[in-house]
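>>> can you look at this prediction? I've put the sequence above it.
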Amino acid sequence: MSETEIPAYSGPRRILSGIQASGALHLGNYLGALKRFTALQDTAPTFVFVADMHAITVWQDPALLTAQTREIAAAYLASGLDPKKTVIFPQSAVRAHADLAWIFNCVARLGWLDRMTQFKEKSGKHKERSSVGLYTYPVLQAADILLYKATDVPVGEDQKQHLELTRDIAAKFNNDFSAPGYFPLPDPVIQGPATRVMSLRDGAAKMSKSDPSDQSRINLTDDADTIAAKIRKSKTDMGVMPEPGESLDDRPEVRNLIAIYAALSDTTREEVTTRFAGQGFGAFKPALADLAVEALAPVTAEMRRLMDDPTEIDRVLKDGAERAAAVADPVVAEVKKIVGFWQT
């Protein structure tokens, strides 16, 4: 090995991701996260958490936060995550997240956080009124990932910048404390035709829990009639379905609906356009509505069953927190030793 060659991380492959405990889950969460988590859980040890610590970067009603934590856990289970294969837990139940985040706060640099575009978007024109947590939560996110030495992180396109920050923090820690290869430099897992699902009312805006219009999204708790009605009313244009290979740069709403159909049917956008080329939206939208109802109805039914009696959810979360801590606590203990904290 040359003097300039830095040893790479050589530990096992691990997968980690999570969803913030704020607002109702929707189709974008299902296609961009839940469905992908389920597909990945058989490929490597997988950790999926409920990001309740991230949620309180803006004020949350305490009782509602508890309910939302259970609802997200119910969605994980209803979507096919197997708690025997996947460690499912609330972020706040594993104290090592906060411990490592503080150490990383002292590794990360202000200039790195100043470049985070999501803080600028969420804080708006009055960033001085935002919580410190909203500014520094990308550092906590790095701790979430590196605490389990995750190598693969399923993320949407809008989270790539945060994962790049995680890599920067890992590399700086490894270098600053002469611990080459201690933390991995995790890779994003961005795949599928609908990694970023857009609003049903505006193809330029991401489908969001915070959008004031309920017509902009399909909630995982919507019944079949509501799902069908929202798709029928979704925005398109005066044209017809495109031909295969036709550019859709100026037709964002149509592109979004095609991507949703492809993701729900496990096909490609090209296959969808081939099937519906030249047809009007009066033919395409009912087909998409039927497909969405078929895919989401079992998830909705299982979520409702679990939420009606949360005993099973609580058992899974408690067991997951204990299993997560068994992995995380030794990492924090070793990091404290590397940093030079007093040890008994």
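Yes, it's here. Quick caveat: nothing in here was measured; it's all calculated off a predicted structure.
>>> now for the residue nearest to Tyr137 when sequence neighbours are not counted: which residues touch it?
The spatially closest residue to Tyr137, leaving aside those adjacent along the chain, is Thr57, at 5.1 Å (CB to CB, 6 or more residues apart in numbering). For the C-beta atoms, the positions are set from N, CA and C on the backbone; glycine is no exception. Under the criterion of CB atoms under 8 Å, 6 or more residues apart in numbering, the contact list for Thr57 reads Ser131, Gly133, Leu134, Tyr137.
>>> so the first one sits right up against His54, yeah?
It refers to Ser131. No - with contact defined as CB atoms under 8 Å, Ser131 and His54 do not form a contacting pair (11.4 Å).
>>> overlap in contacts of the two?
Common neighbours of Ser131 and His54 are not found (criterion: CB under 8 Å, 6+ apart).
>>> any idea how far Ala333 is from Asp152?
Asp152 is 25 Å from Ala333, where distance means CB to CB, to the nearest Å.
>>> who's more crowded, the two?
Between Asp152 and Ala333, counted using other CB atoms under 10 Å, Asp152 has the larger neighbour count: 20 against 14.
>>> who are the contact partners of the more buried one?
If you count contacts by CB under 8 Å, 6+ apart, Asp152 has them with Arg13, Arg14, Ile15, Leu16, Leu40, Ala44, Pro186, Asp187, Val189.
>>> how many neighbours does the closest residue to the fifth one other than its chain neighbours have?
Taking CB to CB, 6+ apart as the measure, Leu40 lies nearest to Ile15, with 5.3 Å between them; neighbours along the chain are not counted. For Ile15, the count of nearby residues is 23 (other CB under 10 Å).
>>> equivalent analysis for the one 5 residues further on, please.
The burial count assigned to Gln20 is 19, neighbours taken as other CB under 10 Å.
>>> leaving out chain neighbours, which residue sits closest to it?
Residue nearest to Gln20 in three dimensions, not counting chain neighbours: Ala51, with 4.4 Å by CB to CB, 6+ apart.
>>> contacting residues for the one you found?
Gly18, Ile19, Gln20, Ala21, Gln91, Asp144.
>>> so in this structure, where's the weakest helix or strand by average pLDDT?
Ranked by mean pLDDT, DSSP states H and E, the weakest helix or strand in the chain is helix 117-123, scoring a mean of 72.
>>> what residues of stretch 252-259 count as buried?
The neighbour-count criterion (16 or more other CB atoms under 10 Å) identifies Pro252, Glu253, Val254, Arg255, Asn256, Leu257, Ile258, Ala259 as the buried residues of stretch 252-259.
>>> other residues contacting that stretch?
Applying CB under 8 Å, 6+ apart, the external contacts of stretch 252-259 come out as 193-194, 197-200, 202-204, 231, 234-237, 239, 241-242, 248, 269, 272-273, 284-285, 288.
>>> among those, name the ones in helices.
Counted as lying in helices by DSSP state H, out of those, are Ile231, Arg269, Val272, Thr273, Phe284, Lys285, Leu288.
>>> quick one, which of the contacts of stretch 252-259 are buried?
For these, burial is judged from neighbour counts taken by 16+ other CB under 10 Å, and it is met by 193-194, 197-200, 202-203, 231, 234-236, 241-242, 248, 269, 272-273, 284-285, 288.
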